[in-house]
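> Curious how this folds, go ahead:
(chains A and B)
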Number of protein chains: 2
Amino acid sequence: MNILVMKFGGTSVADPEKIQRAADRAIAARRRGQAVVVVVSAPGEMTDELLTLAHRVAPEPEGRELDQLLATGEVVGISLFAMACRARGAAAVSLTGPQAGIEAGGAHTRAQIVRIRTGKILKELRAGRIVTVAGFQGVNPAEDVATLGRGGSDLTAVALASALRTRQVEIFSDVKGVYTADPRLVSEARKLDRITGEEMLELAGAGAQVMQPRSIEVAERFRVAIHVRSAFHPQAGTWIVPKEKNMLEKAYVSALALDKNEVRLNVMDVPDRPGVAAEVLSTLAELHIPVDMIVQSAPSRSGVNDISLMTPRTFAAQAREALAKLARRLGARVDIHDEVAKVSAVGTGFRHHPWVAAKMFEALAAHKINIHMIVASDLRVSCVVDLKHAESALRALHKALGLARKRRPD
Amino acid sequence: MNILVMKFGGTSVADPEKIQRAADRAIAARRRGQAVVVVVSAPGEMTDELLTLAHRVAPEPEGRELDQLLATGEVVGISLFAMACRARGAAAVSLTGPQAGIEAGGAHTRAQIVRIRTGKILKELRAGRIVTVAGFQGVNPAEDVATLGRGGSDLTAVALASALRTRQVEIFSDVKGVYTADPRLVSEARKLDRITGEEMLELAGAGAQVMQPRSIEVAERFRVAIHVRSAFHPQAGTWIVPKEKNMLEKAYVSALALDKNEVRLNVMDVPDRPGVAAEVLSTLAELHIPVDMIVQSAPSRSGVNDISLMTPRTFAAQAREALAKLARRLGARVDIHDEVAKVSAVGTGFRHHPWVAAKMFEALAAHKINIHMIVASDLRVSCVVDLKHAESALRALHKALGLARKRRPD
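As a prediction, this is how the structure comes out:
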């Protein structure tokens, strides 16, 4: 059986007309002879609307009940999708996560897929039916519905592809693929034909919102190739492929990302003794506050350091308060810069090819854009600049790195 | 264990504030020491909204998928309700129809409850939790969700009371109870303390929309008493009680009902031969068109009859077309009167006490209200009058029958 796993995100099934267009794509694949599994998200803003309702009845809704509630969004999606297929003459059946044999473990609202019992799906596929499967959910050992966290439908799609022993997933959304930079900001931005999972993960960390990072990790591990494409245009999108050894030998830049949703926190005059940096980070980790670009300056004055990091704007107040408490204890002080942006180049082989970082710094200097912080790894170089320079920095780098031209084998 | 089954209808859980008020009532019962099972409907207009979505993706949505879709409404209700209880400090857990062990059989969208495996509910009750159960749904032998048809949550509540061996159900809705007539139309209308299930069924047939008829039949069969009361006022409502033998000995009128949503269809000059009336009715039955008040006139002219009946306005066009086709074959003709209303008195013992019908006809005559059709049974007398006289007929009858005064033991 030639199985194709397709996944439609919330914007792709936001209204009845979009559901019908999505159904047409599933039916076309079925008529080409493929066995079709469609993972469907909650239509439109439904998950957010349910979440709002939950917070109106309970300030901190309990996990099991929140999962029971949120899981209904995807059930609405799969049943409408199956109806649309049937109305167009194609046999179809919808399966909730539990019905599809998706077994989940771990905490409610951020469960993991533990195993997929594919018997029911395979039976329906053999009967010639398009099978629509609710993303984002599974059944846990207590026989309750558990959800997989934001973007969990991507994870469902990748895990199903792996369990059904097909190696390809099509992810339909409102983006046409992965670009060398946000095409709304950089007019010469070019759609990539291919990118590795590792690079996608770096791009996600650098602020690009294309796919849920966990699903990319799982795809990488099980060697599932992901085709990210538009639900509204027929053209091919971008393939996210598992890393291949020979791709690592030369340096290249795949894409740029811009993140304007982070702030910079500085903890200044921290005593220069072992364990202090760890204390700073564990203070934030305990509160589940995400951080990026941790930089500790070399001690310039006698016995004190500065530690800087980036954290999402929504966590800024909480992070600042927690760090201020710690700083008082350490005799340090905290300040926050919120008029900043992070611009990153993602690719591979940067460690052995310093020309990438060098070109970036040159380009920013040529545009008189001051760099507040730099962090470089083998796969990513990120610079923090003033928020007002964010877009001009992105455009300058896109040009300097020659991203408008195709320069790597893909 | 002293178990109380409560049921909250869609209007009683239409928004977060109403859900919180409903939760307060469940918690109050729990704190009085009762084990509380709460059957919850889909909040507000959610079922209708989902139905509209379904019809937008598919002209005739298939039953299984429609059930998969519609069942989500009640799941939203139970999870929000359980969250609200927990936020107020009361242990609570939500169970979908399948999780609650409600087994259903029969066709999708109008399934019947076959059995309830109460193990899971009892376990949660024993742990001290308020158990919220999704109304309107169960799991069928194919392990799919099946819904019980409109008003199915009432049925869930009554069936649960029976299965849990408690004999009382509280049905909370936006009505305060059962009245001698619609209080918006008759200012002297009085709330009844008690009414029998049989009378409630007649009232439902006569157009009063208080409870789903099937749930009243089930309550009658399993001798479950139903307390119909307001979700928004603390006062007692009306008890719908199983019939007791001694109540049948004298005649009384419990309440009036007015139905302005029916039209009258006449099939005229029907050949007076056996089986023709049956043909008329089976034509409508095949199309699942409801009928009431079937009257066949005695043959006045040589060999022909007139057959009249009432049918809901929404079915009028379909019924007329079907009957016109039949009439052509029989050499008869069909006409329709849509400016009519049906006013009914419901009670018991009418057969042996013709004063009830007599008083009604007198009262209408005194107000110069012409009666187009009359049908009388032991439990109901219905008259069809001009639509423009509907409210004045109701008020005249309420007065003539002395319903503002309490005149029966209840």
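> Contact residues of chain A facing chain B?
Taking C-beta under 8 Å from any C-beta of the partner chain, the part of chain A that reaches chain B is made up of A:16, A:19-20, A:23, A:50, A:53-54, A:56-62, A:64-66, A:68-69, A:71-72, A:75-76, A:78-80, A:82-84, A:86-87, A:93-94, A:96, A:99, A:143-144. Where you see a C-beta, it was placed from the backbone N, CA and C, and this is true even at glycine.
> residues contacting A:Met293?
By C-beta atoms under 8 Å, 6 or more residues apart in numbering or on different chains, the contact set of A:Met293 is A:308-310, A:342, A:373, A:375, A:382, A:384.
> Now distance to B:His352, neighbour count and pLDDT too, for the residues you listed, in JSON lines please.
Formatted as JSON lines, the contacts of A:Met293 follow (distance: C-beta to C-beta, whole Å; neighbours: other C-beta atoms under 10 Å in any protein chain shown; pLDDT from 0 to 100):
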{"residue": "A:Ser308", "distance to B:His352": "95", "neighbour count": "20", "pLDDT": "90"}
{"residue": "A:Leu309", "distance to B:His352": "90", "neighbour count": "24", "pLDDT": "91"}
{"residue": "A:Met310", "distance to B:His352": "88", "neighbour count": "25", "pLDDT": "93"}
{"residue": "A:Lys342", "distance to B:His352": "89", "neighbour count": "26", "pLDDT": "94"}
{"residue": "A:Met373", "distance to B:His352": "96", "neighbour count": "19", "pLDDT": "88"}
{"residue": "A:Val375", "distance to B:His352": "95", "neighbour count": "18", "pLDDT": "87"}
{"residue": "A:Ser382", "distance to B:His352": "92", "neighbour count": "24", "pLDDT": "92"}
{"residue": "A:Val384", "distance to B:His352": "93", "neighbour count": "26", "pLDDT": "94"}
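> Inside helices: which ones of those residues?
The members of these all map outside helices under DSSP state H.
> Any chance of a markdown table for those residues, columns distance to A:Val169?
Shown next, in a markdown table, are those (distance: C-beta to C-beta, whole Å):
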| residue | distance to A:Val169 |
| --- | --- |
| A:Ser308 | 38 |
| A:Leu309 | 34 |
| A:Met310 | 31 |
| A:Lys342 | 29 |
| A:Met373 | 36 |
| A:Val375 | 32 |
| A:Ser382 | 29 |
| A:Val384 | 35 |
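> that older thread, can you flag the buried ones in the residues of chain A next to chain B?
Among these, those classed as buried by 16 or more other C-beta atoms under 10 Å in any protein chain shown are A:16, A:19-20, A:23, A:50, A:53-54, A:56-58, A:61-62, A:64-66, A:68-69, A:71-72, A:75-76, A:78-80, A:82-84, A:86-87, A:93-94, A:96, A:99, A:144.
> And A:Pro213, how close does it get to A:Ala219?
Applying C-beta to C-beta, to the nearest Å, the value for A:Pro213 to A:Ala219 is 11 Å.
> So for those two, which sits in the more crowded spot?
Each of A:Pro213 and A:Ala219 has its neighbours counted (other C-beta atoms under 10 Å in any protein chain shown); A:Ala219 has more, 28 against 18.
> quick one: the more buried one and A:Val158 touch, right?
Yes - assessed by C-beta atoms under 8 Å, A:Ala219 is found in contact with A:Val158 at 4.7 Å.
> Quick check: neighbours shared by these two?
A:169, A:226.
> So which of the residues of chain A next to chain B sit within strands?
For the residues of chain A next to chain B, membership in strands holds for A:93-94, with DSSP state E as the criterion.
> For the residue nearest to A:His233 when sequence neighbours are not counted, grab the count of nearby residues.
Spatially, and ignoring its direct neighbours in sequence, A:His233 is nearest to A:Lys176 (6.2 Å; C-beta to C-beta, 6 or more residues apart in numbering or on different chains). Counted with other C-beta under 10 Å, the neighbours of A:Lys176 add up to 18.
> cool, and A:Arg126?
Residues near A:Arg126, counting by other C-beta under 10 Å: 10.
> Leaving aside the residues adjacent along the chain, what's closest to it?
The shortest distance from A:Arg126 to any non-neighbouring residue, by C-beta to C-beta, 6+ apart, is to A:Met1 (7.3 Å).
> before we move on, the earlier item: report the secondary structure state of the residue nearest to A:His233.
coil (DSSP: H, G, I helix; E, B strand; the rest coil).
> show me the contacts for it.
With contact taken as C-beta under 8 Å, 6+ apart, A:Lys176 is in contact with A:191, A:229-230, A:233, A:235, A:237.
> same deal with A:Asp378?
Per C-beta under 8 Å, 6+ apart, neighbours of A:Asp378: A:348-351.
> What of A:Gly73?
A:41-43, A:46-47, A:50, A:136.
> The nearest residue to A:Gln137 once chain neighbours are set aside: neighbouring residues, count only.
Leaving aside its chain neighbours, A:Gln137 sits nearest to A:Gly97 (3.5 Å; criterion: C-beta to C-beta, 6+ apart). Neighbours of A:Gly97 under the rule other C-beta under 10 Å: 29.
> give me every residue that touches A:Gly97.
Shown in contact with A:Gly97 (C-beta under 8 Å, 6+ apart): A:71, A:74, A:104, A:133-139, A:145, A:156.
> Please tell me how far it sits from chain B.
Distance of A:Gly97 to chain B, given as C-beta to the nearest C-beta, to the nearest Å: 13 Å.
> Find me the pLDDT at A:Val210, would you?
We have a pLDDT of 77 for A:Val210.
> ok, it touching A:Glu202?
No - the pair A:Val210 / A:Glu202 is not scored as a contact, 12.0 Å apart, by C-beta under 8 Å.
> More neighbours: the two, which one.
More crowded of A:Val210 and A:Glu202, by other C-beta under 10 Å: A:Glu202, with 26 against 23.
> Report the secondary structure state of that one.
Going by three-state DSSP: A:Glu202 is helix.
> How confident was the prediction at it?
Looking at A:Glu202, its pLDDT stands at 89.
> which residues touch it?
A:344, A:346, A:377, A:379-380.
> What of A:Arg86?
Residues in contact with A:Arg86, defined by C-beta under 8 Å, 6+ apart, are A:92, B:58, B:62, B:65.
> Just the residues contacting stretch A:16-31, thanks.
Contacts for stretch A:16-31 (C-beta under 8 Å, 6+ apart): A:4, A:6, A:8, A:11-13, A:36, A:38, A:43, A:80-81, A:84-85, A:88-90, A:130, A:172, A:231-232, B:53, B:56-57.
> 7 Å instead?
Stretch A:16-31 has contacts (C-beta atoms under 7 Å, 6 or more residues apart in numbering or on different chains) with A:4, A:6, A:8, A:12-13, A:36, A:38, A:80-81, A:84-85, A:88, A:90, A:130, A:172, A:231, B:53, B:56-57.
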